[in-house]
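Participant: Structure for the following, please:
(2 chains)
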Number of protein chains: 2
Amino acid sequence: MEIREDQITHGIRERVATIVGSRGPIPLAAWSPAEGRGSQLILVGHGASGSKMEGYVVALARSLVRTHGCCVVAIDGPVHGERRSDGHTGSTLPFLEFAQRWSADESLTDDMVSDWRETLDAVLAAEWVDNDAEVGYWGLSMGTILGLPFVAAEPRVRAAVLGLMGAAGPTRERLVSDAASVTVPVLFLVQYDDELVAREDAITLFGLLGSSDKTMIMSPGAHGAVTAESFRRSAEFLADRLSQVVSGSY
Amino acid sequence: MEIREDQITHGIRERVATIVGSRGPIPLAAWSPAEGRGSQLILVGHGASGSKMEGYVVALARSLVRTHGCCVVAIDGPVHGERRSDGHTGSTLPFLEFAQRWSADESLTDDMVSDWRETLDAVLAAEWVDNDAEVGYWGLSMGTILGLPFVAAEPRVRAAVLGLMGAAGPTRERLVSDAASVTVPVLFLVQYDDELVAREDAITLFGLLGSSDKTMIMSPGAHGAVTAESFRRSAEFLADRLSQVVSGSY
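Facilitator: Sure, this is the predicted structure:
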């Protein structure tokens, strides 16, 4: 891993790095307490059109560090952020290109699962978190499209926040299949007025999750209008469930 | 109001009383801090087959007193608890009789709304709560069938927990109409595997609520399997929203 930036901003350590992945470089951002290691590790998958430095990712990460002492790691999704060779920083083009790749590229999901696993390996090797730190995943929309399969595949992930997605889209069969393999505690966020995801499809995907401990929170508003309270609840959920792994309740 | 019992159990004051209502006696139970008045007033409407002293009502009430300093008041619903002239204490008969009354008695909802308003008047007059205490309502299933119309009608109620009910049943039209009149913050609980309430009907009723601040929490399990975590969240929701009324956020 190549550390490209490492600074403390408003009491929180922020790193920007690149992992040498088997498929190529994986650009990464990480937030952790100014001193010492994170007590839990939260991996954050951003939504389509965003990036690892998206406003809500940074805000969520800083909250998780400040309130729960976590280390938070985000990587750019395909055709987003520093993965783009053209340096394009707008949001519409990556969104459209992701939609195209989602339909056309059959390896899209597997590639991202692979990148997440290599990211997890690298972060644990870098000792940014305590030796006994439990791992959680947080990702909505594209962060669920590509992250639910990661949670299903990676036994080190012990709790997840998912949502803004349904049993739908080009990888519907994969999502349906992988949902049944997710058995860790899940908080699933749904927007009642989601203009991109049919409510019924979201409820179907929630129903398919194999987890015995799963909770859906549904709030009014459009796809991108997740409330601050839902963000706060999602952070509390991960911190709570991961601490229960340690205490043996899970 | 006739106080029939007044004792302190495990640090919580528990009263049993009867209000002289305009339609007849209203049997009541109340829980409050051992010393002083409640800082908030929570009215609890139990579900069909239960009573004001139902196990989960008592547990919720004691939690609201202990954690949030509330005063909690529950009254028996129609054909339940001390409203029964036959002294029957089983749960099946009241459930069946309620189902019959729900279909046949057009004044059922209005009568309960009236009872709740007289209960609120009596409790405030008894000075069990601070002068500036805000009022919340908590009621699932029958507690929503009869309580949603109360929340819609009573402006002193400033936040509510509702759920385990949908836009369905003999009073569907009334529920649909009154839902639009509910404008206070609402937490709405849905059980994914509810055998009594169709999920789609529950989501429809949630969607019809006029509140801009409304949140649905959906959990796996049957109608009667609301988790301890959902109870805890519902208590936190009421305490939080009522405290925001005081601070002027609502």
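Participant: from here on, contacts and neighbour counts on C-alpha atoms
Facilitator: Fine.
Participant: For the helix or strand hosting residue A:27, buried residues please.
Facilitator: Using DSSP states H and E, residue A:27 maps to strand A:24-33. If you call a residue buried by 16 or more other Cα atoms under 10 Å in any protein chain shown, then strand A:24-33 has these buried ones: A:25, A:26, A:27, A:28, A:29, A:30, A:31, A:32, A:33.
Participant: Now do the same contact list for residue A:198.
Facilitator: residue A:166 (Cα atoms under 8 Å, 6 or more residues apart in numbering or on different chains).
Participant: May I see the buried residues of strand A:24-33 arranged in TSV, with distance to chain B and pLDDT as well?
Facilitator: Putting those into TSV (distance: Cα to the nearest Cα, whole Å; pLDDT from 0 to 100) gives the following:
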residue	distance to chain B	pLDDT
A:25	40	96
A:26	36	97
A:27	35	97
A:28	33	98
A:29	32	98
A:30	31	98
A:31	29	98
A:32	28	98
A:33	29	97
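Participant: where do the strands sit along chain A?
Facilitator: Per DSSP state E, chain A carries strands over the ranges A:2-9, A:12-21, A:24-33, A:38-45, A:71-75, A:129-139, A:157-163, A:186-191, A:214-219.
Participant: Other residues contacting the last one?
Facilitator: By Cα under 8 Å, 6+ apart, the surrounding residues in contact with strand A:214-219 are A:185-192, A:206, A:226, A:230, B:214-220.
Participant: Among those, name the buried ones.
Facilitator: Of the members of the contacts of strand A:214-219, the ones counted as buried by neighbours, 16+ other Cα under 10 Å, are A:185-192, A:206, A:226, B:214-220.
Participant: Near chain B, which residues of chain A are found?
Facilitator: If contact is defined as Cα under 8 Å from any Cα of the partner chain, the residues of chain A in contact with chain B are A:192, A:207, A:212, A:213, A:214, A:215, A:216, A:217, A:218, A:219, A:220.
Participant: Can you check which helix is longest in chain A?
Facilitator: When every helix of chain A is counted residue by residue (DSSP state H), the longest turns out to be helix A:228-247.
Participant: I figured residue A:142 was touching residue A:47, is that so?
Facilitator: Yes. Between residue A:142 and residue A:47 there is a contact under Cα atoms under 8 Å: 4.6 Å.
Participant: Make sure residue A:170 is actually in contact with residue A:102.
Facilitator: Yes. Under the criterion of Cα under 8 Å, residue A:170 is in contact with residue A:102, at a separation of 6.4 Å.
Participant: Next one: the spatially closest residue to residue A:164 that is not a sequence neighbour from residue A:41, what distance?
Facilitator: Spatial nearest neighbour of residue A:164, chain neighbours left out: residue A:141 (4.7 Å); criterion: Cα to Cα, 6 or more residues apart in numbering or on different chains. Plainly put, residue A:141 is 21 Å away from residue A:41 if you go by Cα to Cα, to the nearest Å.
Participant: sorry, back to before: packing partners for the strand holding residue A:27?
Facilitator: strand A:12-21, helix A:55-68, strand A:71-75 (3 or more Cα pairs under 8 Å, 6 or more residues apart in numbering or on different chains; DSSP states H and E).
Participant: Any chance of a markdown table for those, columns mean neighbour count?
Facilitator: Formatted as a markdown table, the helices and strands packed on strand A:24-33 follow (neighbours: other Cα atoms under 10 Å in any protein chain shown):
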| stretch | mean neighbour count |
| --- | --- |
| strand A:12-21 | 19 |
| helix A:55-68 | 20 |
| strand A:71-75 | 29 |
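Participant: Compare these and report which one is nearest to residue B:19.
Facilitator: Closest of the helices and strands packed on strand A:24-33 to residue B:19 is helix A:55-68, at 46.8 Å (criterion: Cα to Cα).
Participant: picking that back up, between residue A:170 and residue A:102, which has more neighbouring residues?
Facilitator: residue A:102 (20 against 17; other Cα atoms under 10 Å in any protein chain shown).
Participant: List the contacts of the more buried one.
Facilitator: Applying Cα under 8 Å, 6+ apart to residue A:102 gives the contacts A:108, A:170, A:171.
Participant: can you list the helices and strands packed on strand A:24-33 in CSV and add mean pLDDT?
Facilitator: Below are these laid out as CSV (pLDDT from 0 to 100):
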stretch, mean pLDDT
strand A:12-21, 97
helix A:55-68, 96
strand A:71-75, 98
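Participant: among the ones you listed, which is nearest residue B:18?
Facilitator: Ranking the helices and strands packed on strand A:24-33 by proximity to residue B:18 (Cα to Cα) places helix A:55-68 first, at 46.8 Å.
Participant: Just the pLDDT for the closest residue to residue A:15 other than its chain neighbours.
Facilitator: In this structure, residue A:15 finds its nearest non-sequential neighbour in residue A:6, 4.4 Å apart by Cα to Cα, 6+ apart. Reading off the confidence values, residue A:6 has pLDDT 98.
Participant: cool, residue A:89 as well?
Facilitator: Value for residue A:89, per-residue pLDDT: 80.
Participant: same deal with residue A:247?
Facilitator: Per-residue confidence (pLDDT) for residue A:247: 63.
Participant: List every C-alpha atom in stretch A:208-219, with coordinates, as PDB.
Facilitator: The C-alpha atoms that make up stretch A:208-219 are tabulated as PDB, following Å, rounded to 0.1, in the frame of the first residue of the first chain:
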ATOM      1  CA  LEU A 208     -34.600 -12.600   1.100                       C
ATOM      2  CA  LEU A 209     -31.700 -11.700   3.400                       C
ATOM      3  CA  GLY A 210     -30.700 -14.800   5.300                       C
ATOM      4  CA  SER A 211     -30.100 -12.800   8.500                       C
ATOM      5  CA  SER A 212     -32.200 -13.600  11.500                       C
ATOM      6  CA  ASP A 213     -31.300 -10.100  12.900                       C
ATOM      7  CA  LYS A 214     -32.400  -7.700  10.200                       C
ATOM      8  CA  THR A 215     -34.300  -4.400  10.400                       C
ATOM      9  CA  MET A 216     -35.700  -2.200   7.700                       C
ATOM     10  CA  ILE A 217     -36.000   1.500   8.300                       C
ATOM     11  CA  MET A 218     -38.200   3.300   5.800                       C
ATOM     12  CA  SER A 219     -38.400   7.000   5.600                       C
END
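Participant: remind me which residues of chain A are low pLDDT?
Facilitator: When the per-residue scores of chain A are filtered using pLDDT under 70, the ranges that remain are A:246-250.
Participant: repeat that with 90
Facilitator: Along chain A, the model assigns pLDDT under 90 to residues A:50, A:79, A:84-92, A:105, A:245-250.
Participant: Make sure residue A:188 is actually in contact with residue A:166.
Facilitator: No. Counting by Cα under 8 Å, residue A:166 is not a contact partner of residue A:188; they are 10.5 Å apart.
Participant: Now tabulate the helices and strands packed on strand A:24-33 in TSV and tack on distance to residue A:88.
Facilitator: Formatted as TSV, the entries for the helices and strands packed on strand A:24-33 read as follows, by distance: least, Cα to Cα, whole Å:
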stretch	distance to residue A:88
strand A:12-21	19
helix A:55-68	17
strand A:71-75	17
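Participant: Find the residue closest to residue A:90 in space, skipping its chain neighbours.
Facilitator: In this structure, residue A:90 finds its nearest non-sequential neighbour in residue A:49, 7.8 Å apart by Cα to Cα, 6+ apart.
Participant: Please read the previous query as pertaining to residue A:180.
Facilitator: Taking Cα to Cα, 6+ apart as the measure, residue A:180 lies nearest to residue A:210, with 4.4 Å between them; neighbours along the chain are not counted.
Participant: check contacts around that neighbour.
Facilitator: In this structure, residue A:210 makes contact with A:179, A:180, A:181, A:182, A:183, judged by Cα under 8 Å, 6+ apart.
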